[in-house]
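Novice: How does the following fold in three dimensions:
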Amino acid sequence: MIDIENKVREHGAKLIQVVPQASFPDRLVIAQQVNGMLKGKRGIKEINVVNPSWVLESIEKKRRQPLHKRYVAQFSPSSLM
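Specialist: All right, here's what the predicted structure looks like:
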């Protein structure tokens, strides 16, 4: 995960170690799946949880990729509308 963290920073993103507030629509959680400690985090149900592959593909293609079900471990309610 360190490698992806470095790539994310190199491309201008800010990494935080807490679940972001849902009021920040551009915030994402990067994880393979929602389970264990992540599942119990307050506010996690309101945030999109994307797989690391989504991040890497977005970096490779030099633009943010659409949130497609193959990349998303969990969609936020607002993404489903």
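
Novice: Which stretches in this protein count as strands?
Specialist: Taking DSSP state E as the criterion, the chain carries its strands at 29-30, 49-50, 72-74.

Novice: Comparing these, which comes out most buried?
Specialist: strand 49-50 (a mean of 22; mean count of other C-beta atoms under 10 Å). Every residue, glycine included, has its C-beta placed from N, CA and C.

Novice: so where is this protein shaky, pLDDT-wise?
Specialist: Applying pLDDT under 70 to the chain flags the ranges 1-2, 25.

Novice: Would you map the helices across it?
Specialist: For the chain, applying DSSP state H gives helices covering 2-10, 36-39, 52-60.

Novice: Can you tell me which of those is most buried?
Specialist: For the helices of the chain, average neighbour numbers computed from mean count of other C-beta under 10 Å are highest in helix 52-60, which has a mean of 16.

Novice: returning to that earlier point: would you mind giving the helices of the chain as TSV with distance to residue 27 added?
Specialist: Below are these laid out as TSV (distance: least, C-beta to C-beta, whole Å):
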stretch	distance to residue 27
helix 2-10	13
helix 36-39	14
helix 52-60	13
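
Novice: The ones you listed: which one's closest to residue 74?
Specialist: Proximity to residue 74, assessed across these by C-beta to C-beta, is greatest for helix 36-39 (9.3 Å).

Novice: packing partners for the closest one?
Specialist: For helix 36-39, the contact count by 3 or more C-beta pairs under 8 Å, 6 or more residues apart in numbering; DSSP states H and E identifies no helix or strand as a packing neighbour.

Novice: still on that earlier bit, relative to residue 62, which of the strands of the chain is closest?
Specialist: strand 49-50 (17.2 Å).

Novice: thinking again about what came up before, the helices of the chain: which one's closest to residue 24?
Specialist: Using C-beta to C-beta, the helices of the chain put helix 2-10 closest to residue 24, at 16.1 Å.

Novice: who are the neighbours in contact with residue 41?
Specialist: residue 19 (C-beta atoms under 8 Å, 6 or more residues apart in numbering).

Novice: how far away is it from residue 74?
Specialist: 12 Å (C-beta to C-beta, to the nearest Å).

Novice: go on, residue 48?
Specialist: Noted for residue 48: a distance of 7 Å to residue 74, by C-beta to C-beta.
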